[in-house]
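In: here is a sequence together with a model predicted from it:
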Amino acid sequence: MDHELPLADSARALLSAAAVRDSANRMMNIACNDALEDWSIHLEHLPATADLVAQVVRDRYPRLDPPVHARWRHFVFGGRDLWDEIVKSRSWPDAAAAARAAFDMVLTSVLVDAGAGGAWRYCDAATGLTAVRSEGLALASLRWFQAGGLSDDPRDPLRVDAAALRRVDGQAIRAAFQATDDNPLLGAAGRASLLNRLGAALQARPDLFALADGPRPGGLFDAFARRAGARALPASVVLATLLDGLGSIWQNRPSLGGVPLGDCWPHPAFKGGAAAQEYVPLHKLSQWLTYSLIEPLEKAGVAVCGTEELTGLAEYRNGGLFVDMAVLVPRSSCARLQTYTVSDPFVVGWRAMTVALLDRIAPLVRDRLGLTADSFPLARVLEGGTWAAGRLIARDKRAGGGPPFEILSDGTVF
């Protein structure tokens with residue numbers, strides 16, 4: 001037993017934004033020394049990439065005031081905030097009740113946001129909108145929630161209950177997301193299984209998810225409110241709590257010393273040190289969820305501080321931007337013809353360097369916009385920003401605007 005405790009401690013050290021940033025910089029330093037097997041890095045192309053991002057910010061937000069990069073942005077279509085319309089259609093007993101519902105909505109919506117595939121789309125009867133990829137998944141999850149698809153209380157459809165999550169199956173996902181043979185959705189079974197495990201995790205941790213109600217994602221609001229008290233809640237605490245409380249939901253992921261690591265993968269360039277040092281933590285969905293919880297927390301009166309400690313997100317829009325702008329170049333001429341898994345070193349290295357490059361492009365974008373880090377933090381650079389620029393250039397480069405590489409999706413990554 002004695003040898004397992006230090007290993008578990010070092011594994012838990014991987015469950016933080018600081019570990020993501022340290023690992024990303026380590027990967028990029030290897031690439032800058034021309035010692036990464038799959039990739040070469042060309043920082044001379046970073047200024048042109050910053051020019052593109054700054055122009056995208058100006059085009060999308062002429063007043064240079066993009067919001068924080070969060071799931072809430074994907075519920076806005078043509079100036080209509082569909083989540084806000086739902087919230088205003090109901091009378092809430094207090095701010096905490098509204099915050100619990102927002103937590104319920106955004107947590108489940110983020111977890112089903114993994115790549116849908118280029119052929120899938122969602123048609124919204126209420127608005128006539130047709131949406132694809134992340135926005136389509138957001139719209140589908142919003143309507144599923146609004147209809148009470150994850151509630152066990154017929155009198156209260158705007159909630160998510162652990163028991164309802166445990167009953168979700170692939171058919172329920174396909175029905176809610178309008179998936180058919182002619183409208184294929186990648187990873188329906190994987191999404192269902194993830195929600196099942198989420199339900200089990202909520203039931204296993206009443207200290208986090210059931211302080212004021214039955215176990216539900218929204219129970220986290222009460223846990224955070226208690227921890228904050230009269231002080232601001234550090235964003236790092238939000239992320240650490242998510243990684244701790246939801247660690248068991250990730251299937252087929254590495255673990256170390258009995259600690260589930262989630263979105264954290266070994267990489268051969270990191271071999272040769274202690275066991276935990278061989279892993280590359282990324283925690284994309286958990287960090288995006290952290291960004292997305294800031295708004296409902298603050299609307300309910302819980303201030304959040306230290307958001308600059310979070311990192312950029314290792315996903316295919318940000319990563320695709322750096323590939324399409326030739327900042328990151330695969331060494332193999334056949335790289336775009338292959339199909340990868342999320343654990344492939346090629347993908348792990350790409351995602352890690354994406355995080356490091358987001359830290360480096362942020363000050364360049366601010367310089368071009370004449371803004372400071374305080375007024376234009378990384379979360380706004382992402383939204384303004386790199387994610388939008390990555391999508392824009394993908395549409396120019398590839399039919400359908402998909403990622404630069406084909407990556408097998410199990411419905412839980414990207």
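Out: Now that the structure is in, tell me what you want to look at.
In: just the element for Met27, please.
Out: Per DSSP states H and E, Met27 falls inside helix 17-32.
In: now do that helix: distance to the chain's middle.
Out: 19 Å (Cα atoms, centre = their mean, to the nearest Å).
In: what packs against that helix?
Out: When contacts are defined as 3 or more Cβ pairs under 8 Å, 6 or more residues apart in numbering; DSSP states H and E, helix 17-32 sits against strand 39-41, helix 235-245, strand 279-281, helix 345-369. C-beta here means a position set from N, CA and C on the backbone, and glycine is covered the same way.
In: just list what the last one packs against, helices and strands only.
Out: The elements that helix 345-369 packs onto, with contact taken as 3+ Cβ pairs under 8 Å, 6+ apart, are helix 17-32, strand 39-41, helix 46-60, strand 279-281, helix 316-324, strand 328-330, helix 378-381.
In: for it, buried residues please.
Out: 345-362, 364-366, 368-369 (16 or more other Cβ atoms under 10 Å).
In: next one: the second one
Out: Taking 16+ other Cβ under 10 Å as the basis for neighbour counts, the residues of helix 235-245 that come out buried are 235-243, 245.
In: so what touches that helix?
Out: With Cβ atoms under 8 Å, 6 or more residues apart in numbering as the test, helix 235-245 has contacts from 15-18, 201, 205, 208-209, 220, 223-224, 227, 262, 283, 286-287, 289-290, 293-294, 297, 304-307, 309-310.
In: try 7 Å this time
Out: Identification of contacts with helix 235-245 by Cβ atoms under 7 Å, 6 or more residues apart in numbering yields 15-17, 201, 205, 208, 224, 227, 262, 283, 286-287, 289-290, 293, 304, 306-307, 309-310.
In: mind listing what's buried along the helix or strand where Arg100 lies?
Out: Assessed by DSSP H and E, Arg100 sits inside helix 95-111. Residues of helix 95-111 classed as buried by neighbour count (16+ other Cβ under 10 Å): 96-111.
In: with these in mind, which one is nearest to Asp324?
Out: Checking the buried residues of helix 95-111 against Asp324 by Cβ to Cβ gives Val110 as the nearest, at 25.2 Å.
In: my read: the closest one touches Ser286, true?
Out: No. Using Cβ atoms under 7 Å, Val110 makes no contact with Ser286, being 8.9 Å away.
In: what angle do the helix or strand bottoming out on mean pLDDT in the chain and helix 17-32 make?
Out: Least confident helix or strand of the chain, by mean pLDDT, DSSP states H and E, is helix 4-12 with a mean of 82. With axes from the mean of the first three to the mean of the last three Cα atoms, to 10 degrees defining the directions, helix 4-12 sits at 80 degrees from helix 17-32.
In: ok so, going back, please tabulate the helices and strands packed on helix 345-369 in JSON lines, including the columns mean pLDDT, distance to Arg166 and mean neighbour count.
Out: Below are the helices and strands packed on helix 345-369 laid out as JSON lines (pLDDT from 0 to 100; distance: least, Cβ to Cβ, whole Å; neighbours: other Cβ atoms under 10 Å):
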{"stretch": "helix 17-32", "mean pLDDT": "97", "distance to Arg166": "30", "mean neighbour count": "20"}
{"stretch": "strand 39-41", "mean pLDDT": "98", "distance to Arg166": "41", "mean neighbour count": "20"}
{"stretch": "helix 46-60", "mean pLDDT": "98", "distance to Arg166": "40", "mean neighbour count": "19"}
{"stretch": "strand 279-281", "mean pLDDT": "97", "distance to Arg166": "28", "mean neighbour count": "25"}
{"stretch": "helix 316-324", "mean pLDDT": "96", "distance to Arg166": "30", "mean neighbour count": "26"}
{"stretch": "strand 328-330", "mean pLDDT": "98", "distance to Arg166": "41", "mean neighbour count": "19"}
{"stretch": "helix 378-381", "mean pLDDT": "95", "distance to Arg166": "33", "mean neighbour count": "26"}
